[in-house]
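J.: Give me a 3D structure for the following:
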Amino acid sequence: MIRETRRDWYKWAERRSSRRDKNGWSTIIAVLSTVFWISLGLVAYAYVGFPLLIAGCAWLFGRQPMPPADSTNFLPVVDILIAALNEEDVIAARLDNALACDYPADRLQIVIASDGSTDCTAEIVRDYEARFPGRVKLLDYAERRGKATALNVSLPQLDGEIAVLSDANTFFDEQAVRHLVRWFADPQVGSVCGKLALVDPQSGRNVDSLYWQYENLLKRCENRLGALLGSNGAIYAIRRGQYVPIPTDTIIDDFTIPILIKLCHGGRLVYDEAALASEETAADLTAEFRRRSRIGAGGFQSLSRVWKLVLPIHGWTSFAFLSHKMMRWFCPAFLALALATNLLLIGQPVYQLTMAAQAAFYLAAILGSLLPGRGTAIRLLRLTTLFTSMNLALVVGFWRWIVGQQGGTWQRTAR
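T.: Sure thing, here's the model as predicted:
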């Protein structure tokens, strides 16, 4: 009797333990599945959901900003400020381009801030300074301290009400300055971003990628909602009196400067597609990856400086910052979680399919970087390469920011 009772108890305990183990494993699978699908969903939202949502909101609730009616007669004194580092190959052509802008010569000055250049950049600018007195000015800094410091030190030395910031390898359309400046006839405008076109260094043809067109579309939508996030460093203008000095280690100044103007002075940010500039694409994939990792490091750095953008009081800007910027910056973490949880769930049939899909996607990314050609199929394949390399660059940028390897100085890109 006792033996039978003991045997029954053992069977009951075994069944109970089995049910407990089964329930525990089911809970683990449920948690892993939830993390997997949420991670994939956040990536999909960042790159597909948000663009669709912002486009719909812009159409329903936005309006196209318009410059003041009398803005064509608004002709303040303007300085084009270019921070340069060892730009002897392009600086003469850049000065010729800036001097050719259709703006009153007595109201436009081109200022080159040489940040410790060790080549002939300063000598070339001095020659132009002598040939065009009052129109070209050199600020020659012997010590290389970084672009942020160069801007902080140079902007107070300018004479103009409006400062147009640009790069040495950027070339303006003749009307670009006029288009940028006209918006400042509205005292509420603090910063204006122009449109940058990418050109092939060999043929000179416009080679705006599908991704670049996608980013410009987002700018247009955010512009309609008054939610523009930063500018393009190649062509943007600010009201000089509203400039907020940036920390000397700032990595992405073209994002930080306009946002600080907005946060500190309430100055509106505007995107003007008529203000055109062009720039050559990066010399190679390595240079482009280095540029993207630097931007990634700058994005993580900026979180501690413009965090107030997440507050709901900023309306559409807060929505765009959370969805367009922050979601993108953390996509590598979401992708890593999706891959890790998928591996842990590989025993489930549905997750074998998702694992195969992930493997195929990353294989396509590798092939896209290796296969030559410019056909439609190759271009679509390279979208996977672009997506993967962007997120890898964000990982590198995050690491460089965490360990303090990415400072405010920049490395000149070969052209």
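
J.: How confident was the prediction at Tyr362?
T.: In the predicted model, Tyr362 carries a pLDDT score of 94.

J.: Can you tell me the closest non-neighbouring residue to it?
T.: Distances taken as CB to CB, 6 or more residues apart in numbering put Thr388 closest to Tyr362, at 6.6 Å, once the chain neighbours are dropped. Where you see a C-beta, it was placed from the backbone N, CA and C, and this is true even at glycine.

J.: Name the helix or strand for the one you found, please.
T.: Per DSSP states H and E: Thr388 is located in helix 376-403.

J.: Domain parsing of this structure, as residue ranges.
T.: 34-62+285-415, 71-281 (automatic domain parsing).

J.: end-to-end on the last one?
T.: What it means is domain 71-281. Using CA to CA, to the nearest Å, the end-to-end distance of domain 71-281 comes to 34 Å.

J.: ok so, going back, so which of the domains of the chain is the most packed in?
T.: Highest mean neighbour count of these: domain 71-281, a mean of 19 (counted as mean count of other CB atoms under 10 Å).

J.: mind listing the strands for this structure?
T.: 78-84, 108-115, 136-141, 162-166, 170-172, 189-199, 235-239, 268-280 (DSSP state E).

J.: now the residue nearest to the spatial centre of the chain, nearest residue through space, not along the chain?
T.: Note on the chain: the residue nearest the mean C-alpha position is Ile295, at 6.3 Å, using CA atoms, centre = their mean. When the adjacent residues along the chain are set aside, Ile295 lies closest to Ile252, with 5.9 Å between them (CB to CB, 6+ apart).

J.: pLDDT score assigned to the one you found?
T.: Reported pLDDT for Ile252: 91.

J.: Show me what Leu276 bridges to in the sheet.
T.: Lys195 (DSSP bridges).

J.: Report the contact partners of the residue nearest to Arg305 when sequence neighbours are not counted.
T.: Residue nearest to Arg305 in three dimensions, not counting chain neighbours: Thr256, with 6.3 Å by CB to CB, 6+ apart. Thr256 makes contact with 230, 246, 250, 302, 305-306, according to CB atoms under 8 Å, 6 or more residues apart in numbering.

J.: how near is Thr256 to Glu215?
T.: Distance from Thr256 to Glu215, counting by CB to CB, to the nearest Å: 18 Å.

J.: again with Gly299
T.: Where Glu215 is concerned, Gly299 sits at a distance of 14 Å (CB to CB).

J.: Same check on Thr34?
T.: Thr34 is 32 Å from Glu215, by CB to CB.

J.: same thing with Asp70?
T.: 32 Å.

J.: try Asp127
T.: If you measure Asp127 against Glu215 using CB to CB, the figure is 38 Å.

J.: ok, the residue nearest to Tyr362 touching Gln358?
T.: No - the criterion here is CB atoms under 8 Å, and Thr388 misses it with Gln358 at 11.2 Å.

J.: Show the pLDDT at Tyr271.
T.: Tyr271 is given a pLDDT of 97.

J.: nope, Ala168 is what I meant
T.: Reported pLDDT for Ala168: 94.

J.: now the one 10 residues further on
T.: In the prediction, the pLDDT value recorded for Arg178 is 97.

J.: Now for it: which residues touch it?
T.: Contacts of Arg178 (CB under 8 Å, 6+ apart): 101-103.

J.: of all those, which comes closest to Leu210?
T.: Relative to Leu210, the closest of the contacts of Arg178 is Cys101; by CB to CB it sits at 30.8 Å.

J.: Distance-wise, check the closest residue to that closest one other than its chain neighbours relative to Thr317.
T.: Excluding the flanking residues, the one nearest Cys101 by CB to CB, 6+ apart is Val177, at 4.8 Å. Counting by CB to CB, the gap from Val177 to Thr317 is 27 Å.

J.: just Tyr362 next, same as before
T.: 35 Å.

J.: and if you look at Trp329?
T.: 17 Å.

J.: List the contacts of the closest residue to Gly267 other than its chain neighbours.
T.: Leaving aside its chain neighbours, Gly267 sits nearest to Gly190 (1.7 Å; criterion: CB to CB, 6+ apart). When contacts are counted by CB under 8 Å, 6+ apart, Gly190 touches 238-239, 242, 258, 261-262, 265-269.

J.: Please apply the same query to Leu339.
T.: Neighbouring residues of Leu339 by CB under 8 Å, 6+ apart: Gln358.

J.: Next: Val177.
T.: Here Val177 is in contact with 78, 80, 101-103, 108, 164, 275 (criterion: CB under 8 Å, 6+ apart).

J.: Which pair of those spans the longest distance?
T.: Leu108 and Ala275 (14.7 Å).

J.: quick revisit: any idea how far the helix holding Thr388 is from the chain center?
T.: Relative to its chain's centre, helix 376-403 lies at 13 Å (CA atoms, centre = their mean, to the nearest Å).

J.: which helices and strands does that helix pack with?
T.: helix 210-224, helix 285-302, helix 331-344, helix 349-370 (3 or more CB pairs under 8 Å, 6 or more residues apart in numbering; DSSP states H and E).

J.: again, only using 6 Å
T.: helix 285-302, helix 331-344, helix 349-370 (3 or more CB pairs under 6 Å, 6 or more residues apart in numbering; DSSP states H and E).

J.: what bits of this structure have low per-residue confidence?
T.: 1-24, 200-209, 282-285, 373, 405-415 (pLDDT under 70).

J.: ok so, going back, pick the one among the contacts of Arg178 closest to Gly404.
T.: Closest to Gly404, out of all of these and judged by CB to CB, is Cys101, at 40.0 Å.

J.: how much space is there between the residue nearest to Cys101 and Ile38?
T.: For Val177, the distance to Ile38 - CB to CB - is 47 Å.

J.: go on, Leu381?
T.: 28 Å.

J.: From Ala30, how far off is the closest residue in space to Gln352 that isn't next to it in sequence?
T.: Leaving out its chain neighbours, the residue that sits closest to Gln352 by CB to CB, 6+ apart is Ile346, at 6.2 Å. Relative to Ala30, Ile346 is positioned 16 Å away (CB to CB).

J.: Also Lys137?
T.: Relative to Ala30, and taking CB to CB, Lys137 is found at 66 Å.

J.: Same check on Arg145?
T.: 54 Å.

J.: Could you list the alpha-carbon positions for stretch 45-62 in CSV?
T.: Extracted in CSV, the C-alpha atoms of stretch 45-62 (Å, rounded to 0.1, in the frame of the first residue of the first chain):
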residue,chain,number,x,y,z
TYR,A,45,8.8,51.6,-38.8
ALA,A,46,12.0,53.6,-39.0
TYR,A,47,12.6,53.0,-42.7
VAL,A,48,9.1,52.4,-44.1
GLY,A,49,6.4,53.2,-41.6
PHE,A,50,7.6,56.6,-40.6
PRO,A,51,8.1,57.9,-44.2
LEU,A,52,4.6,56.8,-45.1
LEU,A,53,3.2,58.3,-41.9
ILE,A,54,5.0,61.6,-42.2
ALA,A,55,4.0,61.9,-45.9
GLY,A,56,0.3,61.4,-44.9
CYS,A,57,0.6,63.9,-42.1
ALA,A,58,2.3,66.4,-44.3
TRP,A,59,-0.5,66.1,-46.9
LEU,A,60,-3.3,66.3,-44.3
PHE,A,61,-2.0,68.8,-41.8
GLY,A,62,1.0,70.5,-43.4
